[in-house]
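1. The following block contains a protein sequence and its predicted model.
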Protein chains: 2
Amino acid sequence: MALRFASLVKKLRPVQVTGISRYSSFKASNLEIELTKNPKEIPNADDLVFGQNFSDHMLEIDWTESEGWTRPKISEIRNFSMHPATKVLHYAIELFEGMKAYRGYDNVIRLFRPDKNMERMKTTALRSNLPDFDGEELIECIKKLIAIDSDWVPKPNPSSCSQSSTLYIRPTMIGTDPHLGVSKSTSAKLFVIAGPVGPYYKTGFKPISLLADPQFVRATIGGTGGYKMGCNYAPTIYIQNLANKKHNCQQVLWLYGKDEQMTEVGTMNIFMMWTNEKGVRELVTPPLSQGIILPGVTRLSLLELAKQWGEFNVSERIITMKDLVNGLKDNRVEEVFGAGTACIVSPVDRVLYQNKWLEVPTMEVENPTYGRLLKNLTDIQFGKAKSPWMIEVPEISDRTKLHASQ
Amino acid sequence: MALRFASLVKKLRPVQVTGISRYSSFKASNLEIELTKNPKEIPNADDLVFGQNFSDHMLEIDWTESEGWTRPKISEIRNFSMHPATKVLHYAIELFEGMKAYRGYDNVIRLFRPDKNMERMKTTALRSNLPDFDGEELIECIKKLIAIDSDWVPKPNPSSCSQSSTLYIRPTMIGTDPHLGVSKSTSAKLFVIAGPVGPYYKTGFKPISLLADPQFVRATIGGTGGYKMGCNYAPTIYIQNLANKKHNCQQVLWLYGKDEQMTEVGTMNIFMMWTNEKGVRELVTPPLSQGIILPGVTRLSLLELAKQWGEFNVSERIITMKDLVNGLKDNRVEEVFGAGTACIVSPVDRVLYQNKWLEVPTMEVENPTYGRLLKNLTDIQFGKAKSPWMIEVPEISDRTKLHASQ
């Protein structure tokens, strides 16, 4: 069914209108830059709270159905002016991406697989009836934004990649049509903001506990769970608070279907390292084919790294609560962990299911797989290991030439 | 399951914080009014397109977790200033209502069951982790807004209630916290805008066609389909366009589950007038108990009116595509129609299902039930029939006293 929808999505790519190609992209070569005259003080890398601080500049590109895209523009981060009837405020016509810029040990700033974020952003735009664009052009604009705000990219922790701060990047697109009515937005704004974020693990790994309750459903086959649309997030906050306050769990493990499939953990994908019912040692994560799971870039990368190692089976297939319960009973489960851009990997030590705690031995494993994956990945991200996944952000040698060169 | 969730919602109503009652309401008696100095030209009632025109003023009330609600304020409609990290733009923390002000044949302006909208708005706010308030107080503020913009409430069509224009009212609440991170918004804005809308049927009834395809799912048990959250709307637009362009259908009939339950029609609830499989003549609409259907105020009112007539059974229970197909085959189906605030009722004459058109005889019925319900309801709304459902909007006799009286 998901595949059928995906093929429909492809078939229904809007036909180009004669004269104006509605979805012809903006170009990075047209970038307009206006530097702030009031740079802010950069917060201390030790005091960073996720999503609270923003760098000096933002990228903005506007679109209308009749005129297409404007020139991309980088200027001081500032408030938008928005009519109260704007579609994003009523019908949630909005999408976003999450990426990071990493300052390597060689002091080079890099992006991690930005092409994968662009791919997902373009697919999500199509599903949201928001305009298409050239992902390569957006990457070039983002590189320029990061280069301009390069002082905001924190230095890596001298002793540990996984305990290093980064610059979080948030590409976003919203429907800006200032008219009521549930219909596609005839105008849109694509913008990118960025802000420094601290390490997820300041003082070593802290395992998390999950609430697994089939009465709460994040996404369904035939819905939008596989796209990074804003609408997937608002409904989860109430349940997340319920998990925290009523059940003393840190995150929600979203289940699906009568067989209680484990799908994902709020803002992370879910992985299990175990010996499966056939006696084969395996790293497993649920598949994307049902369209109910976000296609995470970290998810994809961990799968690819583990396959390169060639030490155990690596599978994308449905895993159920029964698999977990039986696996724990037979001592076949080694580790459960989440994976996402913010935390990279996050070990799970307990799952609350049917009012009972399932104890997962993740933290007792010697040299655990999640830890090895984390090291492998962060060594790449911070430039300790070479990888084609990392895209360099060229420095701007002379800022005074910025305006002139545009 | 839906009931279980509803009871959880009730139990989990936030506890009042000592000192400040976080959810103590704003008061209409504190309303601040600042009239525009530049009233706009009111568009001709014949040229109105839904959602395109807005009256001169808006109502705004802001909330923060630490300070609670501000004084309500009515002032000139104008753009909001919004930080690019504002939660509503990323995670769809937003909800809305749809209501109308009707100018009766006696020239009195009335609201239709505003308490029902307030009830739904408060429940939706709770589900969205947005602040609670006193519905009666918001109704009083809205009445003042309508009274101030009373010139914007169109005159009724001299010959037909159902062909009359109205003032559409859009109460909205958004999460305004300017920080990234999937968590509840620590600040919010409640605002109300209004604009004149033309009659849904300018030139008599036009039946609509529906696409019924189980591969597209609007809402699921355990999700948010029963709340008027913005997140329910964005995902429908792509499918709505697919229905229009690929299948030549005007609306989507959203199906649910393996038994292909008929749930609702985009922005309308669905009704069927038929003789059921037991030979009993019945008006039926799907129940709210699964939490996948919006509890429409028009839906509720049609059910109550039909029950008052006492001419046939009136039921809220699951109806499936099989019921429709078999009922049509046996000539037991008389009418299918949608019901909502915008259209009141909207007859359906064709349903595209499994690549075949099901012909529904709605338009061939003499003195059809949908038409009688429409007349009954609009006679009430436009003051031809007295009803406790209608709430008068008191006129402002002397505008010059408005400022002084506050």
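-> All right, it came through fine. Numbering: from 1, shown residues only, chains lettered A, B, ... in the order given.
2. Okay, helices next: where are they in the stretch 301-406 of chain A?
-> Ranges of helices in the stretch 301-406 of chain A, per DSSP state H, counting those that start in this stretch, are A:321-329, A:369-381, A:402-405.
3. Next, format these as a markdown table and append mean pLDDT, distance to B:Asn79 and mean neighbour count.
-> Glycine gets a C-beta too; all of them are placed from N, C-alpha and C. Shown next, in a markdown table, are the helices of the stretch 301-406 of chain A (pLDDT from 0 to 100; distance: least, Cβ to Cβ, whole Å; neighbours: other Cβ atoms under 10 Å in any protein chain shown):
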| stretch | mean pLDDT | distance to B:Asn79 | mean neighbour count |
| --- | --- | --- | --- |
| helix A:321-329 | 98 | 49 | 17 |
| helix A:369-381 | 96 | 40 | 21 |
| helix A:402-405 | 53 | 29 | 11 |
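4. Among these, which comes closest to chain B?
-> helix A:321-329 (15.1 Å; Cβ to the nearest Cβ).
5. Please put the alpha-carbon coordinates of the closest one into PDB.
-> In PDB, the C-alpha atoms belonging to helix A:321-329 read as follows (Å, rounded to 0.1, in the frame of the first residue of the first chain):
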ATOM      1  CA  MET A 321       6.400  -6.600  21.400                       C
ATOM      2  CA  LYS A 322       6.000 -10.400  21.400                       C
ATOM      3  CA  ASP A 323       9.500 -10.600  19.800                       C
ATOM      4  CA  LEU A 324      10.900  -8.400  22.500                       C
ATOM      5  CA  VAL A 325       9.100 -10.100  25.400                       C
ATOM      6  CA  ASN A 326      10.100 -13.600  24.100                       C
ATOM      7  CA  GLY A 327      13.600 -12.500  23.300                       C
ATOM      8  CA  LEU A 328      14.100 -11.100  26.800                       C
ATOM      9  CA  LYS A 329      12.600 -14.200  28.400                       C
END
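6. could you give the mean pLDDT of stretch A:115-128?
-> The pLDDT scores in stretch A:115-128 average 97.
7. What are the contacting residues of that stretch?
-> Applying Cβ atoms under 8 Å, 6 or more residues apart in numbering or on different chains, the external contacts of stretch A:115-128 come out as A:9, A:13, A:93-95, A:97-99, A:131-133, A:135-136, A:138-139, A:171, A:173, A:175, A:224, A:227-229, A:295, A:297, A:300, B:234-235, B:237-238.
8. How about the residues of the stretch 1-150 of chain A by chain B?
-> When proximity is defined by Cβ under 8 Å from any Cβ of the partner chain, the stretch 1-150 of chain A lies next to chain B at A:1, A:4-5, A:8, A:12, A:50-52, A:54, A:58, A:77, A:79-85, A:88-94, A:96, A:127-129.
9. Looking at these, which are in strands?
-> In this view, the residues of the stretch 1-150 of chain A next to chain B that belong to strands under DSSP state E are A:Met58, A:Phe80, A:Ser81, A:Met82, A:Glu94, A:Phe96.
10. Can you give me the neighbour number for the residue nearest to the fifth one when sequence neighbours are not counted?
-> Once its chain neighbours are removed from consideration, A:Glu94 has its nearest residue in A:Gly230; the separation is 3.9 Å (Cβ to Cβ, 6 or more residues apart in numbering or on different chains). By the criterion of other Cβ atoms under 10 Å in any protein chain shown, A:Gly230 has 28 neighbours.
11. For A:Gly230, which residues are in contact?
-> Residues counted as contacts of A:Gly230 (Cβ under 8 Å, 6+ apart) are A:Ala92, A:Glu94, A:Leu95, A:Phe96, B:Leu89, B:His90, B:Tyr91, B:Ala92, B:Cys231, B:Ala234.
12. Give me the pLDDT for it.
-> Per-residue pLDDT puts A:Gly230 at 98.
13. Let me see the contact set for the closest residue to chain B within the stretch 1-150 of chain A.
-> Going by Cβ to the nearest Cβ, chain B is nearest to A:Gly51 of the stretch 1-150 of chain A, at 3.0 Å. By Cβ under 8 Å, 6+ apart, the contact list for A:Gly51 reads A:Tyr168, A:Gly195, A:Val197, B:Ala85, B:His179, B:Leu180, B:Gly181.
14. Among those residues, which one sits closest to A:Val365?
-> A:Val197 (27.9 Å; Cβ to Cβ).
15. Setting aside sequence neighbours, what's the nearest residue to A:Thr275?
-> Nearest-residue entry for A:Thr275: A:Arg332, 4.4 Å, with adjacent residues in sequence omitted and distances by Cβ to Cβ, 6+ apart.
16. With that, I have no additional questions.
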